[in-house]
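Novice: Generate a structure from the sequence data that follows.
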Amino acid sequence: MSIVNATLYPLSDPDRRAAIVDRAAGQLGEDGAAAFPDFIAPAALAEMVAEAAAKFPLAYRRDQRLGFNPQGPIADMADEELRSRTSPYSMWILGSDLLDPAGALRRFYESEELMSLVRDALDIDSLHTIADPLININLTYMGVGDQQGWHFDDNDFVVSLLLQEAETGGAFEYAPGVDDAPPEDIHAILDGASPRTRLQKVGAGTLLLFRGRRALHRVTEVAGGTQRIIALLSYHREPGFIYADSVKQNGLGRTEVLAAQ
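Specialist: Got it, this is the predicted structure:
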């Protein structure tokens, strides 16, 4: 079964693939995000959603208030008031070790077709899957009242695949290139009063490449009866990368591998 929607994304055709890469690179250069709508073939997406639904009872619940994790120049410019501001983080997270090793999600994550596309669109020399068995491809589930507050990422880039849209809410909002913005601009973003923010349309089956280290971003509060489910695909420039135990404990509530169920 083909995973990528080859009708819309004929990646085996060198000329059309080059055009797809050029478009994505242009979007990333302009505003730090490149979206590939309907990237996954319908049958493969259905398989991914079915696995996600079946594994949901095993997910770890995370309810926290966290700071916005300043990166770059803003980390030095932020005043005490700005550093003290927090946002809610509420969701369920599934460890990578609980996914089917032969499932469509795992096959997609490890595919050279995807990795070469990401590598070329981001213009990086090397890209490797994460060796950490708990954090390499993770699912997050957001239900009624859940949200992910404003923050910068620690990573240079994030690769995500939306599996299922929320009935209401769950929008991806971001403000690109604000890691060197004055503190008053960051306050305005956190207050919902900034013209620098934009909404990125992300539907089910959309692959998104995002430079979150320079962009303040959030997922708005979810409402309605349908969960927002997204796969986060982690890669590294060097092979063999393992996350610190503190990262795993904070994100998954554990540091030890569980048997896939």
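Novice: as a whole number, average confidence for the helix or strand where Ser246 lies?
Specialist: According to DSSP states H and E, Ser246 maps onto helix 245-252. Averaged across helix 245-252, the pLDDT comes to 95.
Novice: Flag every buried residue along it.
Specialist: Buried residues in helix 245-252, counted by 16 or more other CB atoms under 10 Å: 248, 251-252. Every residue, glycine included, has its C-beta placed from N, CA and C.
Novice: cool, stretch 128-146 as well?
Specialist: For stretch 128-146, burial by neighbour count (16+ other CB under 10 Å) applies to 129-130, 132, 134-143, 146.
Novice: mind pulling up the phi and psi values for Met142?
Specialist: Backbone geometry at Met142, expressed as degrees, to the nearest 10, gives phi -130, psi 120.
Novice: Next up, the contacts around it.
Specialist: Applying CB atoms under 8 Å, 6 or more residues apart in numbering, we find Met142 in contact with 90-92, 148, 166, 170, 219, 222, 227-229.
Novice: Can you tell me which of the residues you listed is closest to Met77?
Specialist: Distances from Met77 to these, taken as CB to CB, are shortest for Gln148 (24.0 Å).
Novice: Okay, and the beta partners of the nearest residue to that closest one once chain neighbours are set aside?
Specialist: Excluding its sequence neighbours, the residue lying closest to Gln148 (CB to CB, 6 or more residues apart in numbering) is Val219, at 4.1 Å. Applying DSSP bridges to Val219 gives these bridge partners: Gln148, Phe172.
Novice: How far away from the center of its chain is the lowest-mean-pLDDT helix or strand in the chain?
Specialist: One helix or strand of the chain scores below all others by mean pLDDT, DSSP states H and E: helix 74-77, with a mean of 85. Using CA atoms, centre = their mean, to the nearest Å, the mean C-alpha position of helix 74-77 is found 24 Å from that of the whole chain.
Novice: Which parts of the following helix or strand past that helix count as buried, going by neighbours?
Specialist: Counting by DSSP H and E, the element after helix 74-77 in chain order, helix or strand, is helix 80-83. For helix 80-83, burial by neighbour count (16+ other CB under 10 Å) applies to Leu82.
Novice: List the contacts of helix 80-83.
Specialist: Taking CB under 8 Å, 6+ apart as the rule, helix 80-83 contacts 67, 70, 183, 186-187.
Novice: Give me the buried subset of those residues.
Specialist: 67, 70, 186-187.
Novice: Return the residues in contact with the residue nearest to Gln148.
Specialist: With CB under 8 Å, 6+ apart, Val219 has these contacts: 142, 147-148, 170-173, 228.
Novice: related to what we said a few turns ago, quick one: which of the buried residues of helix 245-252 is nearest to Val202?
Specialist: Nearest to Val202 among the buried residues of helix 245-252, with distances taken as CB to CB, is Gly251, at 21.5 Å.
Novice: so which strand or helix has the spatially closest residue to the closest one that is not a sequence neighbour?
Specialist: Nearest residue to Gly251, sequence neighbours excluded (CB to CB, 6+ apart): Ile93, at 5.9 Å. Element membership of Ile93, judged by DSSP H and E, is strand 87-94.
Novice: Pull out the buried residues from that strand.
Specialist: Buried residues in strand 87-94 (16+ other CB under 10 Å): 87, 89-94.
Novice: Identify those among the buried ones among the contacts of helix 80-83 that sit within helices.
Specialist: 186-187 (DSSP state H).
Novice: still on that earlier bit, in JSON lines: the contacts of helix 80-83, plus pLDDT and distance to Pro101.
Specialist: Converted to JSON lines, the contacts of helix 80-83 look like this (pLDDT from 0 to 100; distance: CB to CB, whole Å):
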{"residue": "Gly67", "pLDDT": "87", "distance to Pro101": "36"}
{"residue": "Pro70", "pLDDT": "82", "distance to Pro101": "38"}
{"residue": "Pro183", "pLDDT": "91", "distance to Pro101": "46"}
{"residue": "Ile186", "pLDDT": "92", "distance to Pro101": "42"}
{"residue": "His187", "pLDDT": "92", "distance to Pro101": "46"}
